[in-house]
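A.B. asks: Got a predicted structure here, sequence first:
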Amino acid sequence: MPYLRKNNKPQSFAAECFVDEKVLLKVVGRVLESEMFLELSKLNRKDELAVYLNDVKIQLTSRISGDDCIDIVAAIDKNIFNNMLEMLVKCDAEVVVFYFSNYAIHFDQFLLNRTACFNPQKRAIENGCLLVCTWVTNEDKLHFYYDSSKYSSELISRMLQ
């Protein structure tokens with residue numbers, strides 16, 4: 001598994017924007033090549049998106065995270081993302097995180113790297129992801145962690161325009 005060179009540490013950047021379908025399409029559409037990992041925190045088990053993700057044939061793991069809530073991590077492709085986009089914008093998850101890699105990371109390896117650390121977004125960059133986009137759904141901003149050899153805050157800002 002490739003690691004970043006020591007002088008190429010993960011960077012972070014927050015972009016103020018109204019998060020809707022158009023913004024998510026811009027970010028995902030410009031970065032996603034084949035597959036990404038999606039993390040949903042504190043999603044109601046009966047939410048339309050939770051039901052959809054459990055019904056579609058994808059790699060998925062979930063755990064109970066409170067009264068009628070679950071946390072989900074799934075490997076999804078562009079087609080599934082496009083099918084669930086409207087549900088994603090309307091869902092009641094507290095946090096939505098998109099992980100984009102530059103090569104095929106096996107789902108099990110992604111989960112292992114993610115769970116073994118305090119800051120999974122930063123760790124994901126250190127373990128092969130190029131860009132991580134975090135949306136705290138009650139805020140109008142997206143938080144990005146990125147591999148500084150591939151992205152910059154200026155490039156990310158242009159993606160959102």
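C.D. replies: Happy to help now that I have it.
A.B. asks: Every contact and neighbour count from this point should use C-alpha atoms.
C.D. replies: OK.
A.B. asks: list the helices and strands the least confident helix or strand in the chain by mean pLDDT packs on?
C.D. replies: Ranking every helix and strand in the chain by mean pLDDT, DSSP states H and E puts helix 107-115 at the bottom, with a mean of 75. Packing contacts for helix 107-115, counted by 3 or more Cα pairs under 8 Å, 6 or more residues apart in numbering; DSSP states H and E, involve helix 120-126.
A.B. asks: Just after the helix it packs on, pick out the following helix or strand.
C.D. replies: Under the assignment DSSP states H and E, the closest C-terminal helix or strand after helix 120-126 is strand 129-136.
A.B. asks: Heading C-terminal from that following strand, find the next helix or strand.
C.D. replies: Once strand 129-136 ends, the next helix or strand along the chain (criterion: DSSP H and E) is strand 141-147.
A.B. asks: if we can go back for a sec, how far out from the middle of the chain is the least confident helix or strand of the chain?
C.D. replies: Relative to its chain's centre, helix 107-115 lies at 14 Å (Cα atoms, centre = their mean, to the nearest Å).
A.B. asks: How about residues contacting that helix?
C.D. replies: The set of residues external to helix 107-115 that reach it, using Cα atoms under 8 Å, 6 or more residues apart in numbering, is Q59, A75, P120, Q121, R123, A124, N127.
A.B. asks: Which residue ranges of this protein form strands?
C.D. replies: Under the criterion DSSP state E, strands of the chain are mapped to 10-16, 35-44, 59-66, 69-77, 95-101, 129-136, 141-147.
A.B. asks: Save the ones you listed as a markdown table, and put in mean pLDDT and distance to L88 too.
C.D. replies: Shown next, in a markdown table, are the strands of the chain (pLDDT from 0 to 100; distance: least, Cα to Cα, whole Å):
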| stretch | mean pLDDT | distance to L88 |
| --- | --- | --- |
| strand 10-16 | 83 | 19 |
| strand 35-44 | 92 | 9 |
| strand 59-66 | 84 | 16 |
| strand 69-77 | 91 | 13 |
| strand 95-101 | 90 | 9 |
| strand 129-136 | 90 | 11 |
| strand 141-147 | 89 | 15 |
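A.B. asks: got the ones you listed as JSON lines, with distance to F110 and mean neighbour count columns?
C.D. replies: What follows is these, written out as JSON lines (distance: least, Cα to Cα, whole Å; neighbours: other Cα atoms under 10 Å):
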{"stretch": "strand 10-16", "distance to F110": "17", "mean neighbour count": "16"}
{"stretch": "strand 35-44", "distance to F110": "8", "mean neighbour count": "22"}
{"stretch": "strand 59-66", "distance to F110": "12", "mean neighbour count": "14"}
{"stretch": "strand 69-77", "distance to F110": "10", "mean neighbour count": "20"}
{"stretch": "strand 95-101", "distance to F110": "10", "mean neighbour count": "22"}
{"stretch": "strand 129-136", "distance to F110": "10", "mean neighbour count": "22"}
{"stretch": "strand 141-147", "distance to F110": "16", "mean neighbour count": "22"}
